[in-house]
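J.: Got a predicted structure plus its sequence, pasted below:
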Amino acid sequence: MFAIPGKQAVTLTPAATAQIARLMQKGGTQGLRIGVKKGGCAGMEYTMDYVTEIDPLDEVIEENGARVMIAPMAQMFLFGTEIDYETSLLESGFKFRNPNVTEACGCGESIKFDETLSAS
């Protein structure tokens, strides 16, 4: 993998940490697994799923009662990403600030990564 010893693939803002902890308490889950999959108008999409069992290959990030698992195939695409949770008058949701994204669609749901990541 592309992990650097002692450095997490992603960081969580306090707002994201609080929201993930709320979701874990409400749903009685082990946390959220974050990944990427092919799809959307730009080529890739983020995925978030509730986790009932932690995969031993996942990178696990724990902060203040929140637990996020990064799927093995997504780690290289997400390295350096900050995850935030934003609330506005019209919508609320997780926002990914990912330095590896080279292009995003207008809706913000679909992304494209640096081609060198896919070739690795």
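T.: Received the coordinates, thanks.

J.: Can you point out the buried residues in stretch 73-93?
T.: By 16 or more other Cβ atoms under 10 Å, the buried positions in stretch 73-93 come out as A74, Q75, M76, F77, L78, F79, G80, T81, I83, D84, Y85. Bear in mind the C-beta positions are built from the backbone N, C-alpha and C, glycine included.

J.: Could you work out the most separated pair of those residues?
T.: Farthest pair in the buried residues of stretch 73-93 (Cβ to Cβ) is M76 and Y85. Separation: 24.0 Å.

J.: Helices of this structure, start to end?
T.: 14-27, 75-78, 115-119 (DSSP state H).

J.: Which residue comes closest to D55 once chain neighbours are left out?
T.: M69 (6.9 Å; Cβ to Cβ, 6 or more residues apart in numbering).

J.: Distance check, the residue nearest in space to the middle of the chain against A9.
T.: In the chain, the residue lying closest to the centroid (Cα atoms, centre = their mean) is I34, at 4.2 Å. Distance of I34 to A9, computed by Cβ to Cβ, to the nearest Å: 9 Å.

J.: Overlap of the contact sets of those two?
T.: I70, L78 (Cβ atoms under 8 Å, 6 or more residues apart in numbering).

J.: what's around L32, how many residues?
T.: Neighbour count of L32, defined by other Cβ atoms under 10 Å: 22.

J.: Verify the stated contact: it with R22.
T.: No - counting by Cβ atoms under 8 Å, L32 stays clear of R22, with 11.3 Å between them.

J.: N64 contacts T17, doesn't it?
T.: Yes - contact status for N64 versus T17: in contact at 5.1 Å, counting by Cβ under 8 Å.

J.: Compare these two and say which one has the larger neighbour count.
T.: Higher neighbour count among N64 and T17: T17, with 22 against 10, using other Cβ under 10 Å.
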